[in-house]
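**Student:** Prediction below, plus the sequence it came from.
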Amino acid sequence: MEQPAFDATFWNIRGFVIPIKMIMEYLHVSVEALRADLDSMPPITLTPEDWPEIKEQLLAALTVTPTDGHNFSITQGLWICRFLAQKYNPKMLGSAMNEYAEVDTVLYICCDLRALIISSACDAKAMEVAREKLGLLNKMIRGRAWISGKQATVADFVFFELVELLQYFCENVLDGYPHCKRVVKKLGGIPEVVKY
């Protein structure tokens, strides 16, 4: 049996863990997923000062199995996505300078929207901002197969999860954004994503 390429520990909640796992499936990366079950954890009271000290232990972490003598952890969801793409299929970060910039732009738009939605429980102002950003993305991807060109990128996976989150608050959030809707449907039809 092949040794997993990574050991991964995730909170048992949605978030960047979903695109990470979908990217791993898509790239056929072997992983030994270890999930921390929040139900079995004692209640934790955190202050902003506590967070840096325990972040490494609690946030989604990915540890490279030390097959080459190197062992390190990545604890930021976007960087885990980017690391996987860089290691296994660099074109998932874009295949030209303009695509690199577009992938990063979409990643950070998704991060900003996700933070806004979570912090505001997707109130009316947050939905207004979300619709504005969806409009920009819809224009950007018009006429393209994927968000940034001819193949799925890390941005497509992160965007897919953002839409899932938005649809939790507003089922028809993609109405009026046909290009965004098409990309989400296309990604959701990839066999590895369907399997996941």
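**Tutor:** Done, it's in.
**Student:** in this protein, which ranges drop under the pLDDT threshold?
**Tutor:** Low-confidence segments of the chain (pLDDT under 70): 1-14, 31-73, 196.
**Student:** again, only this time at 50
**Tutor:** For the chain, the stretches flagged by pLDDT under 50 are 1, 42, 59-68.
**Student:** Now do the helices in it.
**Tutor:** Using DSSP state H, the helices of the chain run over residues 17-26, 51-58, 77-88, 97-120, 124-141, 154-169, 178-188, 191-195.
**Student:** Pretty sure V184 sits against V158.
**Tutor:** No - using CB atoms under 8 Å, V184 is not in contact with V158, being 11.8 Å away. (Glycine included, C-beta is placed from N, CA and C.)
**Student:** So which of these two has more stuff around it?
**Tutor:** Between V184 and V158, V158 has the larger neighbour count (other CB atoms under 10 Å), namely 29 against 19.
**Student:** Is that one in contact with I20, as I believe?
**Tutor:** No - using CB under 8 Å, V158 is not in contact with I20; the gap is 9.4 Å.
**Student:** anything in contact with each of these two?
**Tutor:** Common neighbours of V158 and I20, using CB atoms under 8 Å, 6 or more residues apart in numbering, are C81.
**Student:** In space, what's closest to R142 - neighbours in sequence excluded?
**Tutor:** Spatial nearest neighbour of R142, excluding adjacent residues (CB to CB, 6 or more residues apart in numbering): H179 at 5.0 Å.
**Student:** burial of the one you found, as a residue count?
**Tutor:** Residues lying near H179 (other CB under 10 Å) number 18.
**Student:** And it, how far from K185?
**Tutor:** Counting by CB to CB, to the nearest Å, the separation of H179 from K185 is 11 Å.
**Student:** Quick one: closest of the helices of the chain to S148.
**Tutor:** Closest to S148 of these, according to CB to CB: helix 97-120, at 4.3 Å.
**Student:** Tell me which other helices or strands the closest one touches.
**Tutor:** Counting contacts by 3 or more CB pairs under 8 Å, 6 or more residues apart in numbering; DSSP states H and E, helix 97-120 is packed against helix 77-88, helix 124-141, helix 154-169.
**Student:** mind checking how far the shortest one is from the chain centre?
**Tutor:** Averaged C-alpha coordinates place helix 77-88 at 10 Å from its chain's average position (CA atoms, centre = their mean, to the nearest Å).
**Student:** With the longest one instead?
**Tutor:** For helix 124-141, the separation from the chain centroid amounts to 18 Å (computed by CA atoms, centre = their mean).
**Student:** which parts of that helix are buried?
**Tutor:** 126-127, 130, 133-134, 137-138, 140-141 (16 or more other CB atoms under 10 Å).
**Student:** Mind listing residues that contact it?
**Tutor:** Contacts for helix 124-141 (CB under 8 Å, 6+ apart): 102, 106, 109, 112-113, 116-117, 120, 122, 147-148, 159, 166, 169-170, 173-174, 177-180, 183.
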